[in-house]
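J.: Mind folding the following:
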Amino acid sequence: QVQVVESGGGSVQAGGSLTLSCTASRSVTNMAWFRQAPGKEREGVARIYTGVGVPYYADTVKGRFTISHDKDKNTLSLQMDSLKPEDTAMYYCAAARGAGKGLGDRWDYWGQGTQVTVTS
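T.: Presented below is the predicted three-dimensional model:
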């Protein structure tokens with residue numbers, strides 16, 4: 001079992017920045033961020049293969065968000081810049097073992113989520 005804990009959410013004005021962090025209790029090969037806004041389906045935001053650091057971003061956040069992984073601390077980060085009101089959502093960290101996972105695949109371990117609110 002892998003425990004995943006997020007931190008760093010909050011409220012910010014449009015155009016501002018926030019950084020989310022996620023710590024996994026064990027090393028895993030895949031980590032990702034998802035988000036879910038009220039009344040909407042969960043959306044994959046970004047994922048990274050922790051062994052090689054290869055990132056992938058959803059088109060909605062490409063160029064504004066940066067995902068990174070610190071191997072020594074086993075911590076995942078999401079730097080969010082140029083935030084928009086439509087980025088408002090509960091953000092979830094997810095982890096998975098095994099071969100490379102895409103954002104549309106099944107992820108095994110989930111955090112409780114951290115709220116991000118962007119005001120106009």
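J.: Show the contacting residues for the residue nearest the centre of the chain.
T.: The residue lying closest to the centre of the chain (CA atoms, centre = their mean) is residue 33, at 2.1 Å. With contacts defined as CB atoms under 8 Å, 6 or more residues apart in numbering, residue 33 is in contact with 20, 22, 44-47, 67, 76, 78, 91-94. For the C-beta atoms, the positions are set from N, CA and C on the backbone; glycine is no exception.
J.: Kindly recompute the last result at 7 Å.
T.: 20, 45-46, 67, 78, 91, 93 (CB atoms under 7 Å, 6 or more residues apart in numbering).
J.: ok, the strand or helix carrying it: who's next to it in the sheet?
T.: Secondary structure from DSSP states H and E places residue 33 in strand 30-36. Taking DSSP bridges as the criterion, strand 30-36 forms sheet pairs with strand 43-49 (antiparallel), strand 89-96 (antiparallel).
J.: Dump the contacts of residue 33 to TSV, plus pLDDT.
T.: Below are the contacts of residue 33 laid out as TSV (pLDDT from 0 to 100):
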residue	pLDDT
20	98
45	98
46	98
67	97
78	98
91	98
93	98
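J.: So which of the residues you listed is surrounded by the most neighbours?
T.: residue 93 (27 neighbours; other CB atoms under 10 Å).
J.: who does it bridge with?
T.: With DSSP bridges as the rule, residue 93 is bridged to residue 33.
J.: wouldn't it be in contact with residue 75 here?
T.: No. Assessed by CB atoms under 7 Å, residue 93 is found out of contact with residue 75, at 10.0 Å.
J.: and the lowest-mean-pLDDT helix or strand in the chain, which strands flank it?
T.: Every helix and strand of the chain was ranked by mean pLDDT, DSSP states H and E. The lowest is strand 54-57, at a mean of 93. Strands that pair with strand 54-57, judged by DSSP bridges, come out as strand 43-49 (antiparallel).
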